[in-house]
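Asker: Below is the sequence, then the predicted model.
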Amino acid sequence: MSDDRTPSQVAHERAMTEVSETLMNVEQAIRRTKRAQAEVARIGYDGGAREALDVVLQDLIKARDRLFQASYLVPVPTDEILDDPEPTTLFPDLETPAGRQQRLV
């Protein structure tokens, strides 16, 4: 079995694996912070821990969202992912003149 992926494709896949693993770790940190908040509230501790946990939770949520959006929602140039000189169209019927007219309606 030969690997027909380009170096760019391999790099992209490896980077996305790292992003995915990081997102899983951030999600775990969010869950752990929520458990810590509940425990601190349950024991009735009123020091700075409650406020610090609130801030950390918000920071973790923002970091997760930022990483997800920057990694998965940013358009990636097709030539970096696909090395197909004849790209396929997902919705070929929309590429016909009648299909284009339907999209405008």
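Answerer: Thanks, I have the structure now. Numbering: from 1, shown residues only.
Asker: can you pull out the helices in this protein?
Answerer: 7-43, 49-72, 78-81, 97-104 (DSSP state H).
Asker: what mean pLDDT would you report for the shortest one?
Answerer: Averaged across helix 78-81, pLDDT comes to 51.
Asker: Reformat the helices of the chain as a markdown table; add mean neighbour count.
Answerer: In short, each C-beta sits where N, CA and C put it, glycine included. Formatted as a markdown table, the helices of the chain follow (neighbours: other C-beta atoms under 10 Å):
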| stretch | mean neighbour count |
| --- | --- |
| helix 7-43 | 13 |
| helix 49-72 | 13 |
| helix 78-81 | 12 |
| helix 97-104 | 9 |
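Asker: ranking the ones you listed by mean pLDDT, which is last?
Answerer: Among the helices of the chain, helix 97-104 carries the lowest mean pLDDT (a mean of 47).
Asker: Could you report the separation of R35 from V56?
Answerer: R35 is 13 Å from V56, where distance means C-beta to C-beta, to the nearest Å.
Asker: ok, now I30?
Answerer: 9 Å.
Asker: do Q28 as well
Answerer: 14 Å.
Asker: State the number of residues packed around L73.
Answerer: Number of residues near L73 (other C-beta atoms under 10 Å) recorded here: 7.
Asker: Begin at 50 from now on, thanks
Answerer: In the new count, where the first residue is 50, that last one comes out as L122.
Asker: Which residues are in contact with it?
Answerer: The contact partners of L122, taken as C-beta atoms under 8 Å, 6 or more residues apart in numbering, number zero.
Asker: next one: E62
Answerer: Residues in contact with E62 (C-beta under 8 Å, 6+ apart) are R54.
Asker: For stretch 56-76, output the C-alpha coordinates as PDB.
Answerer: Extracted as PDB, the C-alpha positions of stretch 56-76 are listed here (Å, rounded to 0.1, in the frame of the first residue of the first chain):
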ATOM      1  CA  PRO A  56       3.600  16.400   2.300                       C
ATOM      2  CA  SER A  57       1.100  19.200   2.800                       C
ATOM      3  CA  GLN A  58      -1.700  16.700   3.300                       C
ATOM      4  CA  VAL A  59       0.400  14.800   5.800                       C
ATOM      5  CA  ALA A  60       1.300  18.000   7.700                       C
ATOM      6  CA  HIS A  61      -2.400  19.100   7.800                       C
ATOM      7  CA  GLU A  62      -3.500  15.700   9.100                       C
ATOM      8  CA  ARG A  63      -0.800  15.700  11.800                       C
ATOM      9  CA  ALA A  64      -1.700  19.300  12.800                       C
ATOM     10  CA  MET A  65      -5.400  18.500  13.000                       C
ATOM     11  CA  THR A  66      -4.600  15.500  15.200                       C
ATOM     12  CA  GLU A  67      -2.700  17.800  17.600                       C
ATOM     13  CA  VAL A  68      -5.600  20.200  17.600                       C
ATOM     14  CA  SER A  69      -8.100  17.500  18.300                       C
ATOM     15  CA  GLU A  70      -6.000  16.100  21.200                       C
ATOM     16  CA  THR A  71      -5.600  19.600  22.600                       C
ATOM     17  CA  LEU A  72      -9.400  20.200  22.300                       C
ATOM     18  CA  MET A  73     -10.000  17.000  24.300                       C
ATOM     19  CA  ASN A  74      -7.600  18.200  27.000                       C
ATOM     20  CA  VAL A  75      -9.300  21.600  27.200                       C
ATOM     21  CA  GLU A  76     -12.700  19.900  27.400                       C
END
